[in-house]
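Participant: A structural model of the following input is requested.
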Amino acid sequence: MVHYIPLTIPFSVKKHWDEWNIRWAMLFSLWLQTVLILVAPIRKSTRKKWVILLIWFAYLLADAAANFAVGLISNSQRNQSNNYCSKPEESTDLLALWAPFLLLHLGGPDTITAFALEDNQLWLRHLLGLGFQAAIVLYVFFQSLPNQNLWIPTVLMFIAGTIKYVERTRALYLASLENFLDSIHKGPDPGPNYAMLMDEYPSNREAKLPTRIKMIPEPDKEAKAYDVPPKEGDLNHLEVVHYAYNYFQVFKRLIVDLIVGFREREESRDFFNRRTAEDALRIIEVELNFIYGTFYTKMEVVHSIVGYIFRFIAFGSVLATLGLFYFQAKKDEFHGVDIGITYTLLLGAIALDVISFLMLIFSDLTFASIKDPDRPRCWPMAVLFNSFLALKKPWWHPCKCEIKNSGSQKIFVEHHVLATPLAFRRWSGSISAHNLIRYCLKSSSTTIHEFPSLCEIMFKKIVFLLGINESTKKFGDYIYQSDTSVAEEGKSSKRTGLLGSIMSETTSFIRSIKENVSQIFSRVFRIITMPIKDFVDEMMYVSREPFTWELWEFIFSELRNKSMRASTPELTKRISSARGDWVLTDTDSQHDRSKLLKYVSHVQYDESLLLWHIATDLCYYTDDKKVKEGSLNDEEIEKLKHNNAYREFSKILSDYMLFLLVFHPAMISAALGIRKIRFQDTCAEVQKFFDRRGLRPNQDKKACEEILSVNLDFEPVTVKGDRSKSLLFDASMLAKELEEEGEEKWKLLSRVWVELVSYAASHCKASTHAQQVSKRGELITFFWLLMAHFGFGEQINVDVTLDEQGTT
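Facilitator: Numbering: from 1, shown residues only. Got it, this is the predicted structure:
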């Protein structure tokens, strides 16, 4: 006989829940709103994935918590109306006042209306939710009648909550792609009256009147393109925001697959050809922030005359509610806890509105609204805004790195890493990196540069200002030399004597046990995490490389040089569609690189990415040939520094493109099926090769040497056939071809990688770029927008078209 154990909830727990469920739900909903308004703005600039997960969790939970609290209040009102004998825990009047606060919370903060671009398409669901939740709040209010004590504050809060909820619904409506397209498109344009012209043309010819059809440019577009010359020299902070807003108004049409006209292209191209790399980066950062504000916040709704009026009404209603509750409401019949919660809700709502108001004042759209900052009336405000914008400009922190293959002579090269503090960053300032060889070896993640901490930067600034920089440096060098000498002595002592031998054997034994346990654990871990393999792989094997000024300057100069060479529409289209072949053929006619050309033009794009990624790694890890012994002269040192810079650019872009290929294939327009099969087959062959050679984690250099040591007298396809899509030894052949380039190898590789990234950026859907703006930002999005400004892209008119002309 089966005995069932009864499961009961203790009466004390039930009683505590009945007493506090509504109170805790109200406070929890307010806490979620506070988290969202403070943390949501940094999701576009954080480098931590857990921060984005926290925002996503709070975003989903905020609506659920508010809806749950409304349901609890409605249920409590119904129970109290059906049970007249029992004394309610909360007053019905007070519950009726609390309910509109949940409408306020459902409206959400200004800093986030949508977590993903697809959320904007659900505006109709939010509109229905607005009607449903407003009806429930009204039901609760009517249940509380006659409510002689708090009916006026309740009505005021209902007005404020409804305004906030309408703001969010309208923001979603305007940001949905269909409505965003309608807001840009000015309506149907029938063009010149063709039928009338054709009817008049024969009669004019018969009357022997001088008649001809001539196409003339439209006056307004002509004036817009050429009457205002672009500014020369560096831009100040407000000018950066103004130009960014103007170009945002032009290029936002790309997001909904509209065409940017020829004259807008020429104006933008001329402007950016005159700019420095620094100003171009700042303008693009602000443009992407306008995209973020349009699709993921209430920017478009609040920044209008109607938005200002309704925001004032909502804020005034909350203030009036606080005043009425404090001075006129009879609070004797309420519990002290409920009074405290009511004050918390009111003060919390006011605090959130004040924060939103400050964010509104110091937003980029407010800065862009100052048309003429040089006017005496605008001068104090312009000075204030310029000072604030100075904090948001890129902060470049110098760091020194040693060149690994510089021989016995230590040579350091200085890089400038983006180190803008989190509160002022416009994007993450980092580049994701995934490496196939490191992934197959299960090696630890490594980066070329390190992210400098804010404390480190501030400490160096203080040391520099105090004038003790040199003494600190000498002390640090002394400590470093002392530690090095002690370490060397320790190593030599370990290698001598019986004790050293025993310690060495013990260490080897422990290491072997550790590796075996690690391998067993990794197999079990892989089996457990198979359903979320991609997510786990991204967390474990993807590293983040700091964004450097030198890399951006190189990218900017490459694209600007191409823009200057694109003198004809045909040449512009050819450069836009190039994915390595332009660099290999058109930019250098002195070298025959036909052997390399087949690795870009005769293969699919995702295949070329894998080939060039593996080849770059093989060259990177085996490029340790020592320079000549002895000291180098200044010219040789400078040449070595340039080669090292190109080497690092190639490595960073190579690992970045593999990250996109594996984890964000939509951004490179790769076919999902064949891309995944090709990558998996290559990984399988690499792992099989490494197992056979006995390679262990963190032996990346040795692994590359082993791959290059394989005989390649025959092409892999002639030996293996086409059953496997692996590209390992095809990439090895490419690496050996690249070695024949000699000293120009790294410069060539870096330029090929810029072209490969450019191809992916221009062929990716613009809406996909808009999706990534809210997720830390991607380097490929900067490529896309910079290429559009230079006149490259499938949605850029490269010639004068009929839709930009009129007929007389």
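Participant: where's F28 relative to W17, distance?
Facilitator: As for F28, its distance to W17 is 14 Å (criterion: Cβ to Cβ, to the nearest Å). In short, each C-beta sits where N, CA and C put it, glycine included.
Participant: what about the two, which has more around it?
Facilitator: Between F28 and W17, counting by other Cβ atoms under 10 Å, F28 is the more crowded of the two (16 against 11).
Participant: OK, contacts around the more buried one?
Facilitator: Applying Cβ atoms under 8 Å, 6 or more residues apart in numbering, we find F28 in contact with A65.
Participant: my read is it is in a helix, agree?
Facilitator: Yes. Looking at F28 with DSSP: H, G, I helix; E, B strand; the rest coil, it is inside a helix.
Participant: Which residue ranges of the stretch 351-500 of the chain form strands?
Facilitator: Remark: strands assigned in the stretch 351-500 of the chain by DSSP state E, counting those that start in this stretch are 396-402, 412-418, 430-433.
Participant: for the chain, which helix is longest?
Facilitator: In the chain, assigned by DSSP state H, the helix with the most residues is helix 49-82.
Participant: so which strand or helix has L124?
Facilitator: In the assignment (DSSP states H and E), L124 maps to helix 123-143.
Participant: Run through the stretch 401-550 of the chain and note the low-pLDDT ranges.
Facilitator: Applying pLDDT under 70 to the stretch 401-550 of the chain flags the ranges 404-409, 456, 459-461, 463-531.
Participant: Go again with 50.
Facilitator: Scanning the stretch 401-550 of the chain for pLDDT under 50 picks out 470, 472, 474-496, 514.
Participant: starting at the chain centroid, how far to the helix holding L124?
Facilitator: For helix 123-143, the separation from the chain centroid amounts to 35 Å (computed by Cα atoms, centre = their mean, to the nearest Å).
Participant: Could you do stretch 394-407 as well?
Facilitator: 26 Å.
Participant: CA atoms of it as CSV?
Facilitator: Extracted in CSV, the C-alpha atoms of stretch 394-407 (Å, rounded to 0.1, in the frame of the first residue of the first chain):
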residue,chain,number,x,y,z
PRO,A,394,37.5,58.9,-26.7
TRP,A,395,40.2,58.6,-24.1
TRP,A,396,43.3,57.1,-25.5
HIS,A,397,45.6,55.5,-22.9
PRO,A,398,49.2,54.8,-24.0
CYS,A,399,50.7,51.4,-23.3
LYS,A,400,54.0,49.8,-24.3
CYS,A,401,54.4,46.4,-25.7
GLU,A,402,57.6,44.5,-26.4
ILE,A,403,58.2,43.2,-29.9
LYS,A,404,58.6,39.5,-29.6
ASN,A,405,60.8,38.8,-32.6
SER,A,406,63.3,41.6,-32.0
GLY,A,407,66.3,39.4,-31.2
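Participant: Which parts of this structure are strands?
Facilitator: Per DSSP state E, the chain has strands spanning 215-217, 396-402, 412-418, 430-433, 543-546, 805-807. These are given in chain order.
Participant: Show me the shaky parts of the chain.
Facilitator: 84-89, 220-228, 470, 472, 474-496, 514, 626, 802-808.
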